[in-house]
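Novice: Can you look at this prediction? I've put the sequence above it.
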Amino acid sequence: MKRRAAIACMLAAAMLIGTCVMQTHNGAEEELPQREATRTTETEKLSGQAQIRQTMHFQRCGHQVERRVKAPDALAGADFKQVSAYYDQWLIQSMEKDSLVMERHIDLYCPAHVIVSMDHTGQVVLAENRYGDGMAILEILDTTPVEEEKRRMLLAGMGFDNREEAVAWLKMQGIIQ
Ligand SMILES: [Zn+2]
(Lines give C-alpha, C1' and ligand atoms only; values in the text may rest on other atoms or scores of the structure.)
Protein backbone atom coordinates (compact mmCIF):
# COMPACT_ATOMS: atom_id res chain seq x y z
CA MET A 1 0.00 0.00 0.00
CA LYS A 2 2.77 2.42 0.97
CA ARG A 3 4.56 1.73 -2.25
CA ARG A 4 1.43 2.39 -4.32
CA ALA A 5 0.93 5.69 -2.57
CA ALA A 6 4.52 6.67 -3.33
CA ILE A 7 4.06 5.87 -7.02
CA ALA A 8 0.84 7.87 -7.12
CA CYS A 9 2.72 10.82 -5.60
CA MET A 10 5.45 10.59 -8.21
CA LEU A 11 2.88 10.48 -10.99
CA ALA A 12 1.11 13.51 -9.58
CA ALA A 13 4.43 15.38 -9.40
CA ALA A 14 5.24 14.41 -12.99
CA MET A 15 1.86 15.67 -14.16
CA LEU A 16 2.34 18.94 -12.31
CA ILE A 17 5.69 19.48 -14.01
CA GLY A 18 4.10 18.71 -17.38
CA THR A 19 1.32 21.21 -16.72
CA CYS A 20 3.80 23.91 -15.73
CA VAL A 21 5.74 23.45 -18.95
CA MET A 22 2.57 23.71 -21.02
CA GLN A 23 1.30 26.77 -19.22
CA THR A 24 4.60 28.58 -19.30
CA HIS A 25 5.23 28.01 -22.96
CA ASN A 26 1.69 28.09 -24.20
CA GLY A 27 1.75 25.64 -27.09
CA ALA A 28 5.24 26.45 -28.31
CA GLU A 29 7.66 23.67 -29.09
CA GLU A 30 9.12 22.63 -25.79
CA GLU A 31 10.49 19.56 -24.10
CA LEU A 32 10.40 18.21 -20.61
CA PRO A 33 13.77 18.35 -18.85
CA GLN A 34 16.31 15.85 -20.13
CA ARG A 35 16.83 12.76 -18.03
CA GLU A 36 19.73 10.35 -17.94
CA ALA A 37 19.86 7.59 -20.52
CA THR A 38 18.67 4.29 -19.14
CA ARG A 39 20.58 1.60 -21.03
CA THR A 40 23.80 2.60 -22.69
CA THR A 41 27.29 1.31 -23.00
CA GLU A 42 29.34 4.44 -22.54
CA THR A 43 32.31 3.08 -24.49
CA GLU A 44 30.22 1.99 -27.49
CA LYS A 45 30.73 3.72 -30.82
CA LEU A 46 28.10 3.96 -33.53
CA SER A 47 28.73 2.07 -36.78
CA GLY A 48 28.09 3.53 -40.21
CA GLN A 49 25.07 1.19 -40.59
CA ALA A 50 23.25 2.09 -37.39
CA GLN A 51 19.48 2.33 -37.42
CA ILE A 52 17.70 4.92 -35.30
CA ARG A 53 14.30 4.47 -33.69
CA GLN A 54 12.76 7.75 -32.63
CA THR A 55 9.58 7.97 -30.60
CA MET A 56 7.84 11.32 -30.34
CA HIS A 57 5.32 11.78 -27.55
CA PHE A 58 2.87 14.53 -28.42
CA GLN A 59 1.66 15.97 -25.18
CA ARG A 60 -1.32 17.96 -26.44
CA CYS A 61 -3.15 14.88 -27.79
CA GLY A 62 -1.40 12.00 -26.01
CA HIS A 63 -0.49 10.24 -29.27
CA GLN A 64 2.93 8.92 -30.03
CA VAL A 65 4.62 8.55 -33.37
CA GLU A 66 7.56 6.30 -34.07
CA ARG A 67 9.92 6.58 -36.99
CA ARG A 68 12.95 4.59 -38.06
CA VAL A 69 15.76 6.22 -39.96
CA LYS A 70 19.34 5.40 -40.80
CA ALA A 71 21.92 7.20 -38.68
CA PRO A 72 23.45 10.18 -40.49
CA ASP A 73 26.92 9.53 -41.94
CA ALA A 74 28.31 12.27 -39.72
CA LEU A 75 27.72 10.02 -36.69
CA ALA A 76 29.70 7.00 -37.92
CA GLY A 77 32.22 6.27 -35.15
CA ALA A 78 30.63 8.71 -32.73
CA ASP A 79 30.56 7.88 -29.02
CA PHE A 80 27.65 8.42 -26.64
CA LYS A 81 28.69 11.95 -25.77
CA GLN A 82 28.86 13.01 -29.41
CA VAL A 83 25.54 11.31 -30.20
CA SER A 84 23.89 13.05 -27.23
CA ALA A 85 25.21 16.42 -28.34
CA TYR A 86 23.97 15.82 -31.90
CA TYR A 87 20.49 14.87 -30.65
CA ASP A 88 20.33 17.42 -27.85
CA GLN A 89 16.53 17.66 -28.11
CA TRP A 90 16.20 13.93 -27.48
CA LEU A 91 16.61 11.51 -24.60
CA ILE A 92 18.88 8.70 -25.75
CA GLN A 93 17.37 5.54 -24.26
CA SER A 94 19.91 3.05 -25.54
CA MET A 95 22.90 3.03 -27.81
CA GLU A 96 24.61 0.03 -29.32
CA LYS A 97 26.90 -0.28 -32.32
CA ASP A 98 24.07 -0.74 -34.80
CA SER A 99 21.10 0.69 -32.98
CA LEU A 100 20.14 3.94 -31.38
CA VAL A 101 16.83 4.35 -29.53
CA MET A 102 15.60 7.77 -28.46
CA GLU A 103 12.47 9.59 -27.42
CA ARG A 104 11.25 13.12 -27.16
CA HIS A 105 8.29 14.85 -25.53
CA ILE A 106 6.84 17.57 -27.70
CA ASP A 107 4.24 20.04 -26.44
CA LEU A 108 2.20 20.01 -29.65
CA TYR A 109 -0.59 18.02 -31.28
CA CYS A 110 0.62 15.18 -33.51
CA PRO A 111 0.36 15.42 -37.33
CA ALA A 112 -3.05 13.65 -37.36
CA HIS A 113 -4.97 16.78 -36.31
CA VAL A 114 -6.22 20.05 -37.75
CA ILE A 115 -5.40 22.77 -35.25
CA VAL A 116 -7.38 25.96 -34.80
CA SER A 117 -4.91 28.58 -33.70
CA MET A 118 -4.04 32.25 -33.85
CA ASP A 119 -0.92 33.62 -35.50
CA HIS A 120 1.21 36.46 -34.10
CA THR A 121 -0.83 39.08 -35.96
CA GLY A 122 -4.07 37.87 -34.35
CA GLN A 123 -5.48 36.12 -37.42
CA VAL A 124 -7.32 32.87 -36.78
CA VAL A 125 -5.72 30.05 -38.75
CA LEU A 126 -6.02 26.35 -39.40
CA ALA A 127 -2.67 24.65 -39.01
CA GLU A 128 -1.12 21.23 -38.82
CA ASN A 129 1.99 19.69 -37.37
CA ARG A 130 3.88 19.00 -40.57
CA TYR A 131 7.37 18.46 -39.27
CA GLY A 132 6.89 16.60 -36.00
CA ASP A 133 8.12 19.61 -34.08
CA GLY A 134 6.94 22.48 -36.25
CA MET A 135 3.55 23.81 -37.32
CA ALA A 136 2.51 24.88 -40.81
CA ILE A 137 -0.43 27.18 -41.56
CA LEU A 138 -3.00 25.58 -43.88
CA GLU A 139 -5.51 28.39 -44.12
CA ILE A 140 -6.14 31.90 -42.80
CA LEU A 141 -9.79 32.44 -41.86
CA ASP A 142 -12.07 35.44 -42.08
CA THR A 143 -13.29 36.02 -38.57
CA THR A 144 -15.38 38.32 -36.46
CA PRO A 145 -13.42 40.19 -33.73
CA VAL A 146 -12.40 37.60 -31.15
CA GLU A 147 -12.99 38.31 -27.47
CA GLU A 148 -10.15 37.97 -24.95
CA GLU A 149 -11.22 34.67 -23.38
CA LYS A 150 -11.46 32.97 -26.78
CA ARG A 151 -8.21 34.56 -27.94
CA ARG A 152 -6.41 32.82 -25.09
CA MET A 153 -7.95 29.49 -26.08
CA LEU A 154 -6.93 30.00 -29.70
CA LEU A 155 -3.40 31.02 -28.84
CA ALA A 156 -2.94 27.73 -27.00
CA GLY A 157 -4.31 25.86 -30.06
CA MET A 158 -7.26 23.46 -30.25
CA GLY A 159 -6.93 20.14 -32.07
CA PHE A 160 -9.68 18.53 -34.19
CA ASP A 161 -9.84 15.33 -36.24
CA ASN A 162 -10.40 17.18 -39.50
CA ARG A 163 -11.19 20.54 -41.12
CA GLU A 164 -15.00 20.05 -40.95
CA GLU A 165 -14.93 19.59 -37.20
CA ALA A 166 -12.64 22.57 -36.74
CA VAL A 167 -14.90 24.80 -38.84
CA ALA A 168 -18.06 23.54 -37.07
CA TRP A 169 -16.51 24.43 -33.71
CA LEU A 170 -15.50 27.91 -34.91
CA LYS A 171 -19.06 28.53 -36.13
CA MET A 172 -20.52 27.32 -32.85
CA GLN A 173 -18.23 29.75 -30.99
CA GLY A 174 -19.36 32.56 -33.29
CA ILE A 175 -15.77 33.14 -34.43
CA ILE A 176 -16.58 32.57 -38.10
CA GLN A 177 -19.91 32.89 -39.87
ZN1 LIG B 1 -2.52 13.18 -32.02
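Specialist: Nice, I can see it. Numbering: from 1, shown residues only.
Novice: which residues touch stretch 136-149?
Specialist: Residues from elsewhere that reach stretch 136-149 (CB atoms under 8 Å, 6 or more residues apart in numbering): 114, 118-119, 122-130, 154, 163, 170, 174-177. C-betas here are computed from N, CA, C, even on glycine.
Novice: Name the residue closest to the centre of this structure, please.
Specialist: Centroid-nearest residue in the chain: I106, 1.9 Å away (criterion: CA atoms, centre = their mean).
Novice: per-residue confidence at that one?
Specialist: Looking at I106, its pLDDT stands at 95.
Novice: pretty sure it is in contact with G134, am I right?
Specialist: No. I106 is beyond contact range of G134, at 9.8 Å (criterion: CB atoms under 8 Å).
Novice: which non-adjacent residue is nearest D161?
Specialist: Take D161 and drop its neighbours on the chain: the residue closest to it by CB to CB, 6 or more residues apart in numbering is H113, 6.8 Å away.
Novice: In this structure the one you found contacts R130, no?
Specialist: No. Taking contacts as CB under 8 Å, H113 lies outside contact range of R130: 11.5 Å.
Novice: Which one's more surrounded, those two?
Specialist: Per other CB atoms under 10 Å, whichever of H113 and R130 has more neighbours is H113, with 23 against 12.
Novice: show me what contacts that one?
Specialist: Listed by CB under 8 Å, 6+ apart, the contact set of H113 reads 61, 128-129, 159-161.
Novice: Distance of it relative to the ion?
Specialist: Plainly put, H113 is 5 Å away from the ion if you go by CB to the ion, to the nearest Å.
Novice: Which parts of this protein are strands?
Specialist: Secondary structure of the chain (DSSP state E): strands at 39-40, 51-58, 64-70, 91-96, 99-106, 114-118, 124-129, 135-140, 158-160.
Novice: most packed of those strands?
Specialist: Mean neighbours per residue, mean count of other CB atoms under 10 Å, is largest over those for strand 114-118, with a mean of 23.
Novice: ok, it: who's next to it in the sheet?
Specialist: Each strand paired with strand 114-118, and its direction, by DSSP bridges: strand 124-129 (antiparallel), strand 158-160 (antiparallel).
Novice: For the residue nearest to D161, give me the pLDDT.
Specialist: As predicted, H113 sits at a pLDDT of 97.
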